[in-house]
Structure formats: structure tokens, C-alpha cells
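**Q** okay, structure incoming, though there's no sequence with it:
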């Protein structure tokens, strides 16, 4: 069972009232209203069995009435549909210098959101205390009770052992290594708490909201650091220790003499991240401190900034060409604060990827800019929670616990 849930899986008699209620519920998650007769036809279950399971789902609030179907004679049959407003999710995006907290329904629709300046280096106690404060205010402002909270999803800017939600030696998160984020949040609310690397949840949010047809998908975050979220055959890939997609520390040949903060030379992050670009601009007398400054200079037509961003795209493309040959994605999305730089960064990426990748691997490849923007992590944190709490197993366990 996934991290911090407080639930276990229980075996149930296949003839029991709730044995497959969770599976029946999955049919209704698409939002389409159905009658009991339609559900019986779709599942092959007896109408009496469907009726019992619909009753239990309605008692949980996850399924509600959705009007009446057209009658072919006699009383019109009632229709039922998923009720995404039944519960809410707290979605949290912890960045290097910001904190974004949102309340969503079970479809990922944002009901309220707060974004505040917050250094992650202040440590877990300070940052998570602010998460709780923002969460309390969002619940109160939306008129929802703490008991309406289905779960909490959190993205952090560092490696995470996903099974436990524990940050593992995160380079820009002093004090977070091994910290029990799940336990801290569950002292506030005893609900499932899921924690993951921010780029992983950005990939999940971006794909779910805007590119669901692509089952082999890469999301690339280009900001203070550089990382990738990898979705293969529709499943997020985290790797053995949660470090899959750490592109920032892949060597780029032209950077042999450039020292990275990790201690190695030639890392992509040391060449193409926002701090690296700003450092390079400073060397030619152009002042820039962060992504916003770089993008402002580009918008103003500063030639040095445009050239630097284009070269950053080429360096990124050098690494992505290998990823394309290895993983064969059908879609690569560039996001993060520098990903908003538009075609200058993209032109560099496309130039090298299409030049150095195998023709078959690029025959159906699309490379585009993020559509979710700074909402990608929030959407992904919400999706991560709903995938868990609305799974067949957890729905059945929850219904059984109410008997």
C-alpha cells in the first residue's frame, strides 16, 4: 500500500456486497451518468447486486443522483454519476523559493489557491507549518470541513523515496534528508499523504490535463535546476531509488571545464539552468539574476540573452537526443520557469534532437511548451492523491470499514 495511507488491503468474498464496489465505481469515474440497468449490462452483474453497490457508493457520497433517463413506459429510471465534490484534496507545490497550496475537488478542479514566497532551505518544520496554515485557511474559505479532506499531495524539489514519502539527500533542501513529511502532515489531518519529486508530479499534471493521448511522455523542467518526469506506457517511472529523470547531472561534452555544484564537471545544469545562464551573461556584462530577468532581456531583444537561451536549448537537446533514442517518447514538453521562454529555447532543443536522434524515434515525436505552466505541479499533486484514494482497492476498503 502506498505511503502514509493508514489503510490496508483486505480480502473479501467475491459474493459480498462490497467485494467489487470499487470496480463498479471505476466505471462511473468518467463522469457519465448511467442507470442501474446500464451498469448491470456493462458489468454482467445482477441488477440486485448493482443496486446494493450503488447504494453503498451513494452513502459514501462518491456517487450521486444525476437525473432520470428517458422512459420507455412507466416510471423513468434514475441515473447515477461520480460526484467529484464529495471530497477535496490539498495539493502542495514546494519550490526552492516559493510555496503553492491549492484545494481541488476529486476531478482536479482548483477550488482555491495560495502562493507565497518561502525558502525551502528554511527547513521542513517551517515550510510544513506554513502548508498547514494555508491549508486551514483554504478549507475555511471554501466552506469545507477538515473531515472533507480525502488526502494531501506534496511535491518537493529533490529526490523522494516514494514508498515512504521521505526526501533522500536533496541537494537544495538542508534539513529535509530523511524527514518524516507524512507523519508531520498526519498530525494535522489523519488522511493519506503522498510525497514525490516536483518534476514527477509536474509530468503527471501536465499529461493528465493536456496530453492524455500520449502514453510515452517526457516533461522537462528547466529552472534553477533541470529534471525530467518520465511516463512510459502510461505509468510514471520513478526508478529504484526515486532518482529517475535527473537529467541535470548528465554530462554535456562542451562543459568539460565547467564545475557543477554536485562536484562533477560538465553537468547539463551547470550549463543550461537559469543560474548558469545568468552567470554566463554576467561574464559579458549583462546583468541577470534569475529566470524572470533572463526572459525579460529576451523579450526586450537583448542579443546576448537570446543567444544564451538558444545555446541552453542546444545543450538540453544534446541530452534529450539520447533520451529519445532510449525511451522513444511521442511527446516532450518543456516547462519550468525558463520553459516559458518560448521558441528561442525550443529552437535549440529541436535543432539538436532532430539532428542526433534516430529517424524512426522522431518520426512521430512532438516537442512543445507546457500548457499547464505553473499549475502543472498542483494538478499533478491532486492527480497523485485521487489515483490513490479512488483506486478500486481503497474504495472497497473504505466502504467495508463503514459496515
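**A** Here it is on my side, so go on. None of the values given here were measured: they were computed from a predicted structure.
**Q** secondary structure element for the spatially closest residue to residue 104 that is not a sequence neighbour?
**A** Nearest residue to residue 104, sequence neighbours excluded (CB to CB, 6 or more residues apart in numbering): residue 382, at 4.3 Å. Quick note: C-beta positions are derived from backbone N, CA and C, even for glycine. Secondary structure assignment for residue 382, by DSSP states H and E: helix 376-389.
**Q** show me what that helix is packed up against.
**A** Applying 3 or more CB pairs under 8 Å, 6 or more residues apart in numbering; DSSP states H and E, we find helix 376-389 packed against strand 88-94, strand 98-104, strand 149-156, strand 193-197, helix 198-210.
**Q** the same query, at a cut-off of 6 Å, please.
**A** In terms of contacts (3 or more CB pairs under 6 Å, 6 or more residues apart in numbering; DSSP states H and E), helix 376-389 is packed against strand 88-94, strand 149-156, helix 198-210.
**Q** quick one: mean pLDDT over that helix.
**A** For helix 376-389, mean pLDDT is 96.
**Q** for it, buried residues please.
**A** 376-386, 388-389 (16 or more other CB atoms under 10 Å).
**Q** any buried residues in the helix or strand following that helix, and which?
**A** Following helix 376-389 in sequence order, the next helix or strand is helix 392-401 (DSSP H and E). By neighbour count with 16+ other CB under 10 Å, helix 392-401 contains the buried residues 394-400.
**Q** and what of stretch 278-287?
**A** By 16+ other CB under 10 Å, the buried positions in stretch 278-287 come out as 278, 280-281, 286.
**Q** do the same with stretch 364-377
**A** For stretch 364-377, by 16+ other CB under 10 Å, it's 365, 367, 370, 372, 374-377.
**Q** which one of these is nearest residue 106?
**A** residue 375 (17.2 Å; CB to CB).
**Q** list the contacts of the closest one.
**A** Contacts for residue 375 (CB atoms under 6 Å, 6 or more residues apart in numbering) come out as none.
**Q** against residue 109, how distant is it?
**A** Counting by CB to CB, to the nearest Å, the separation of residue 375 from residue 109 is 12 Å.
**Q** please apply the same query to residue 65.
**A** Counting by CB to CB, the gap from residue 65 to residue 109 is 20 Å.
**Q** need the pLDDT of residue 168.
**A** 92.
**Q** and the strands in the stretch 101-250 of the chain?
**A** 110-117, 149-156, 160-161, 166-167, 193-197, 217-222, 226-232, 235-237 (DSSP state E, counting those that start in this stretch).
**Q** any chance of those in CSV, plus mean neighbour count and distance to residue 30?
**A** Output for these, formatted as CSV (neighbours: other CB atoms under 10 Å; distance: least, CB to CB, whole Å):
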stretch, mean neighbour count, distance to residue 30
strand 110-117, 14, 20
strand 149-156, 26, 19
strand 160-161, 22, 30
strand 166-167, 22, 35
strand 193-197, 26, 23
strand 217-222, 28, 21
strand 226-232, 25, 20
strand 235-237, 15, 20
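**Q** next secondary structure after the longest helix anywhere in the chain?
**A** Counting residues, the longest helix found in the chain (DSSP state H) is helix 303-327. Once helix 303-327 ends, the next helix or strand along the chain (criterion: DSSP H and E) is strand 331-335.
**Q** quick one, that next one and helix 198-210 angle?
**A** Orientation of strand 331-335 against helix 198-210 (axes from the mean of the first three to the mean of the last three CA atoms, to 10 degrees) gives an angle of 120 degrees.
**Q** who touches strand 331-335?
**A** For strand 331-335, using CB under 6 Å, 6+ apart, the contacting residues are 206, 211, 214, 217-221, 366-370, 376.
**Q** ok, now stretch 150-170?
**A** 3-4, 87, 89-96, 173, 176-178, 181-182, 185, 191-198, 201, 238, 242-243, 377, 381, 384-385, 389.
**Q** quick one: that stretch to chain centroid distance?
**A** Centroid separation for stretch 150-170 versus its chain: 12 Å, with CA atoms, centre = their mean, to the nearest Å.
**Q** picking up where we left off before, would TSV of the helices and strands packed on helix 376-389 with distance to residue 337 and mean pLDDT be doable?
**A** Shown next, in TSV, are those (distance: least, CB to CB, whole Å; pLDDT from 0 to 100):
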stretch	distance to residue 337	mean pLDDT
strand 88-94	13	98
strand 149-156	15	97
helix 198-210	12	96
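**Q** could those go into CSV alongside distance to residue 232?
**A** Formatted as CSV, those follow (distance: least, CB to CB, whole Å):
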stretch, distance to residue 232
strand 88-94, 24
strand 149-156, 20
helix 198-210, 11
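**Q** flag the shaky bits of the stretch 201-350 of the chain, pLDDT-wise.
**A** 341 (pLDDT under 70).
**Q** residues contacting residue 83?
**A** Here residue 83 is in contact with residue 64 (criterion: CB under 6 Å, 6+ apart).
**Q** revised request: answer the last question for residue 25.
**A** So residue 25 contacts 57, 395 (CB under 6 Å, 6+ apart).
**Q** what's the helix or strand for it?
**A** Using DSSP H and E, residue 25 maps to helix 21-28.
**Q** following that helix, which helix or strand shows up next?
**A** strand 34-35.
**Q** now that following strand: average pLDDT?
**A** 88.
**Q** tell me the angle of the helix or strand that comes right after it relative to helix 21-28?
**A** Using DSSP H and E, the next helix or strand after strand 34-35 towards the C-terminus is helix 36-43. Per the same axes, to 10 degrees, the angle that helix 36-43 makes with helix 21-28 is 100 degrees.
**Q** need the contact partners of helix 36-43.
**A** In contact with helix 36-43 (CB under 6 Å, 6+ apart) are residues 47, 50-51.
**Q** could you rerun that using 8 Å?
**A** 23-24, 27, 34, 45-47, 49-51, 54, 77-78, 80 (CB atoms under 8 Å, 6 or more residues apart in numbering).
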